[in-house]
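Peer 1: Sequence and predicted model, in that order:
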Amino acid sequence: MKRSQINNAIKVAMERLAEYKITLPCFGYWTKENWIKNQDITGTIRERMLGWDVTDFGTDDFEHCGATLFTVRNGDKQDKQLKMPYAEKYIILSDENEQEIPLHYHVYKSEDIINRGGGVLVVQLFNKAEDGGLDKERDVMVYTDCIKRVLKPGELIEIQPGDSITLEPYVYHRFYAKKGHGILIAGEVSKVNDDNTDNVFYQPSERFSNVEEDEEVTYPLVNEYNVF
């Protein structure tokens, strides 16, 4: 990805969140200079990777495959007392090209994906087969707002504003913003999030993108804190 794409994606996400009167924690608005200035007080924020996360999953096709995310809070699995056994994110997806997060599953994390507004969230599900691929035979049992649903493998389900879907470990899922319904704001409420180790993609993918520095950094990403 180009840095200009990342800077613009964050700008668009901020505007969309503000439109829906969603205010981020103070560090959500910090520039690179603010991060450098506040190094001494941001150790836990950096360790738990709170903040902006813009990725194209290594596709170099952000308009179709990618997402702009903001991690609001996150625990730490290594914390013996587990004072914060949960995580929360915002996920912003463009409907123009049905921008998507590609098929993947989690080994540890269970999560609720919530349509916070602005569009229609479309989710596709498969069970994980014994060989690690897609199980195209077994139906998928899933809950939407605590209502049990049984879906055919690969069937699409639409999540309307205010509604949610609960995704368990070892269930492949991809989701995107339905075309023509506006930029989507999705929320994620989950167990502790570990984006370095707990994403298993169906197709080889990079969780964090390589960046071409075609302009200055405006807002550092969660995987860049070691630089600032």
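Peer 2: Thanks, I have it.
Peer 1: so when I look at residue 68, I'm seeing a strand, right?
Peer 2: Yes: checked against DSSP: H, G, I helix; E, B strand; the rest coil, residue 68 lies within a strand.
Peer 1: the strands in the protein, which residues?
Peer 2: Using DSSP state E, the strands of the chain run over 51-55, 67-74, 87-93, 100-105, 111-117, 121-128, 134-135, 140-144, 147-151, 156-159, 164-167, 171-177, 184-190, 200-201.
Peer 1: deepest of the ones you listed, which one?
Peer 2: strand 51-55 (a mean of 25; mean count of other Cβ atoms under 10 Å). Heads up, the C-betas are built off the backbone N, CA and C, glycines and all.
Peer 1: Send me it as PDB with only the CA atoms.
Peer 2: Below are the C-alpha coordinates for strand 51-55, written out as PDB (Å, rounded to 0.1, in the frame of the first residue of the first chain):
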ATOM      1  CA  GLY A  51      -5.100   2.500  17.400                       C
ATOM      2  CA  TRP A  52      -5.200   2.600  13.600                       C
ATOM      3  CA  ASP A  53      -4.800  -0.400  11.400                       C
ATOM      4  CA  VAL A  54      -5.100   0.000   7.600                       C
ATOM      5  CA  THR A  55      -4.400  -3.100   5.500                       C
END
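Peer 1: Sheet-wise, list the partners of that strand with their directions.
Peer 2: strand 67-74 (antiparallel) (DSSP bridges).
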